[in-house]
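Student: missing the sequence, but the structure's below:
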């Protein structure tokens, strides 16, 4: 089988036995390093493998037209296999992201049904908005979804080492803050599909961890619960920082948490870049002053809790 | 070849409609806006041409179908805007002048109204309204796995760009830790530092000063001029990374910085440059990198062995250290 055979098969029937064989073969090889309970919803890959092949073919190769891309750039059958391997990994990453987001949306619905939110419609047509806000009766544009995601990126995530079947991602308090921030940022009603779009953007780094062979695990802070004394210490330090934060530094710090450059923050707050830089430095200096003598777990917890409170406060 | 009757039922349903033929490669003369196959050595990729050919090279920006990994430097291009059948992202932080011998046929063309906006983003780091809502979120700190992907993408492009550089030996490697976030290097001082590296290269004995310039700039706003500086020293690109307040941010205020060096340790840096350089290796570095292992006799010996016995000339730059103090 040559690359030209595969191209001919694609032109004649879309996807036939040869391409299917390659996909099945690379899928079998790839899943060996993936936990079937996390990525296949099964105890083993036996039956799940056929479902995976079907998903790769239908979603990646045909719907997203990745077969066309692979056959355009591949220069050999080995190259084509490498590109198919990538598509299998993408499919597995999508599965995990979907289960993580579905889980978050399941947890978000009681919050949206709760105090402070108004709602209309049924089932998938349900729309939510802050009860005290005037919102537009339409779907948000891409730019509005992006801004909501930037705002939501401030909310600290719970560290994960990528091995859990259903990682928490956000603590209950963080998820509540996220829903509020998204609802406040959007000028439109909030639907479940919109929340899904926002979460897909915000959780980019989560799906990336399944796609990138990296040393990121080395960088992940060690997860560990704080004792009551340390928790009280964290609370006190965060309160002190927020009280001492110079005027104007709070919104700058909020966008800094989202990873925006000084220039972009300036554009959003209508400030010059040097002003943003100055306010940011004041805030970060304050952080350093408060954290320099703290233990590593307390530092992590303070930085995380501070992000959460800033999101709530702005 | 395959008979539809032999297909699984689910597949027969899915491919019941005839597929559009793959686009025929177009070998017309290169022009801005062309989406072309490019040979990057390790793999063939797609890229958008941003300039007319000049001196045998053409400026291009790399495309990727890894939509899930998009950062705020990556811009989504829809199928109807490219003539391709699929979505792609343009990696505006991965741009460089590729020799025409590596540029293949055209398989698509970017819509005219997007070409200017994409060029501004790739060359000026200016993302206009036409690109609103098309970008991913910024890297979320150094633990963000997309950073590793970006480094790998940059490495692939860099090797291809380096292939046709004449007088490509010996080489000068610019230690990325010169621009570490904890240094809080003021922009003007950092500019001077880069100039020092660029102009100092020749004095140090390097015939060409080129390296893939990677920065973990804490502020992010320097990326525009850093890109210029990168090109001035013949580097392909620089990855901008803002660093949100994290545990590391606090810790990195002072040395040591072993974690960030883990992303590009001295050995990797030198070995990477050595791979594409024929002569001696010159490394412009700071004391921090020096103490991170290069002065260790065993490490030095291993490095020399890995680059075929060539000499590694270490040029200490205390300038950055002074700025950090």
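Tutor: Looks like it came in fine. Here the structure is a predicted model, which means the values were calculated and not measured. Numbers count the residues shown, from 1 in each chain, chains lettered A, B, ... in the order given.
Student: and residue B:202, what pLDDT?
Tutor: If you check residue B:202, the pLDDT there is 43.
Student: Check residue A:306 too.
Tutor: 87.
Student: for the one helix or strand it maps to, packing partners?
Tutor: Secondary structure assignment for residue A:306, by DSSP states H and E: helix A:296-313. If you count contacts as 3 or more C-beta pairs under 8 Å, 6 or more residues apart in numbering or on different chains; DSSP states H and E, helix A:296-313 packs onto helix A:172-185, helix A:228-244, helix A:249-257, helix A:273-291, helix B:247-251. The way it works is simple: take the backbone N, C-alpha and C, and place the C-beta from them, glycine included.
Student: got the end-to-end distance for stretch A:8-27?
Tutor: End-to-end distance of stretch A:8-27 (C-alpha to C-alpha, to the nearest Å): 23 Å.
Student: Looking at the stretch 51-200 of chain A, which residue is nearest chain B?
Tutor: Using C-beta to the nearest C-beta, residue A:142 is the residue of the stretch 51-200 of chain A that sits closest to chain B, at 3.3 Å.
Student: that older thread, any chance of the helices and strands packed on helix A:296-313 in TSV with distance to residue A:119 and mean neighbour count as columns?
Tutor: Below are the helices and strands packed on helix A:296-313 laid out as TSV (distance: least, C-beta to C-beta, whole Å; neighbours: other C-beta atoms under 10 Å in any protein chain shown):
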stretch	distance to residue A:119	mean neighbour count
helix A:172-185	12	20
helix A:228-244	32	14
helix A:249-257	28	24
helix A:273-291	37	19
helix B:247-251	39	21
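Student: Pipe those into TSV and attach mean pLDDT and distance to residue A:147 per row.
Tutor: Shown next, in TSV, are the helices and strands packed on helix A:296-313 (pLDDT from 0 to 100; distance: least, C-beta to C-beta, whole Å):
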stretch	mean pLDDT	distance to residue A:147
helix A:172-185	94	6
helix A:228-244	89	24
helix A:249-257	85	11
helix A:273-291	83	18
helix B:247-251	35	24
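Student: Which of those sits closest to residue B:48?
Tutor: helix A:273-291 (29.0 Å; C-beta to C-beta).
Student: what is the orientation angle of the closest one with helix A:249-257?
Tutor: 90 degrees (axes from the mean of the first three to the mean of the last three C-alpha atoms, to 10 degrees).
Student: same for helix A:273-291, what does it pack against?
Tutor: So helix A:273-291, by 3+ C-beta pairs under 8 Å, 6+ apart, packs with helix A:228-244, helix A:249-257, helix A:262-269, helix A:296-313, helix B:247-251.
Student: let's see 10 Å
Tutor: helix A:228-244, helix A:249-257, helix A:262-269, helix A:296-313, helix B:187-203, helix B:247-251 (3 or more C-beta pairs under 10 Å, 6 or more residues apart in numbering or on different chains; DSSP states H and E).
Student: which one of those lies closest to residue A:120?
Tutor: For these, proximity to residue A:120 was assessed by C-beta to C-beta; helix A:296-313 is nearest, at 26.2 Å.
Student: List the buried residues of that closest one.
Tutor: For helix A:296-313, a neighbour-count test (16 or more other C-beta atoms under 10 Å in any protein chain shown) marks A:297-311 as buried.
Student: Could you do stretch B:27-35 as well?
Tutor: Within stretch B:27-35, the residues scored as buried using 16+ other C-beta under 10 Å are B:30, B:32, B:33, B:34, B:35.
Student: give the contact list for the last one.
Tutor: Under the criterion of C-beta atoms under 10 Å, 6 or more residues apart in numbering or on different chains, the contact list for residue B:35 reads B:23, B:46-49, B:60, B:63, B:77, B:82-84, B:88, B:90, B:106-110.
Student: How about the second one?
Tutor: Under the criterion of C-beta under 10 Å, 6+ apart, the contact list for residue B:32 reads B:48-52, B:58-60, B:109-110, B:112, B:115-116, B:118-119.
Student: Okay, and which of these map to helices?
Tutor: If you go by DSSP state H, these have B:112, B:115, B:116, B:118, B:119 in helices.
Student: ok, the residues you listed vs residue A:114, which is closest?
Tutor: Using C-beta to C-beta, the ones in helices among the contacts of residue B:32 come closest to residue A:114 at residue B:118, 44.2 Å.
Student: quick one, phi psi at the nearest residue to that closest one once chain neighbours are set aside?
Tutor: Of all residues not flanking residue B:118 in the chain, residue B:90 sits nearest, at 5.7 Å (C-beta to C-beta, 6 or more residues apart in numbering or on different chains). Main-chain torsions, residue B:90, degrees, to the nearest 10: phi -100, psi 120.
Student: What about residue B:90, how many residues nearby?
Tutor: 30 (other C-beta atoms under 10 Å in any protein chain shown).
Student: Quickly note the distance from it to chain A.
Tutor: Look at residue B:90 and chain A: by C-beta to the nearest C-beta, to the nearest Å, they are 15 Å apart.
Student: wait, what's in contact with that residue?
Tutor: Applying C-beta under 10 Å, 6+ apart, we find residue B:90 in contact with B:35, B:46-48, B:50, B:61-64, B:70, B:73-77, B:82, B:110, B:114, B:118, B:121-122, B:131, B:134.
Student: Could you tell me the model confidence score at residue 34?
Tutor: Because you didn't say which chain, this covers chain A. In this model, residue A:34 carries a pLDDT of 89.
Student: right idea, wrong chain: chain B
Tutor: 97.
Student: Next, the buried residues of the helix or strand encompassing residue A:201.
Tutor: Assigned by DSSP H and E, residue A:201 belongs to helix A:192-202. By neighbour count on 16+ other C-beta under 10 Å, the buried set for helix A:192-202 is A:192, A:194, A:195, A:197, A:198, A:199, A:200, A:201, A:202.
Student: Take those and lay them out in a markdown table including distance to chain B and pLDDT.
Tutor: Compiled in a markdown table, these are given as follows (distance: C-beta to the nearest C-beta, whole Å; pLDDT from 0 to 100):
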| residue | distance to chain B | pLDDT |
| --- | --- | --- |
| A:192 | 20 | 94 |
| A:194 | 14 | 95 |
| A:195 | 16 | 96 |
| A:197 | 11 | 94 |
| A:198 | 11 | 95 |
| A:199 | 12 | 94 |
| A:200 | 9 | 91 |
| A:201 | 6 | 92 |
| A:202 | 7 | 91 |
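Student: of the buried residues of stretch B:27-35, closest to chain A?
Tutor: Using C-beta to the nearest C-beta, the buried residues of stretch B:27-35 come closest to chain A at residue B:35, 10.3 Å.
Student: For that closest one, what are phi and psi?
Tutor: Residue B:35 adopts backbone torsions of phi -100, psi 120, taken as degrees, to the nearest 10.
Student: Ignoring the adjacent residues along the chain, who's closest to it?
Tutor: Spatial nearest neighbour of residue B:35, excluding adjacent residues (C-beta to C-beta, 6+ apart): residue B:108 at 3.7 Å.
Student: got it, and residue A:95?
Tutor: Using C-beta to C-beta, 6+ apart and skipping residues adjacent in sequence, the residue nearest residue A:95 is residue A:39, 5.7 Å away.
Student: Tell me if I'm right that the one you found and residue A:93 touch.
Tutor: Yes - if you go by C-beta atoms under 10 Å, residue A:39 and residue A:93 touch, sitting 8.8 Å apart.
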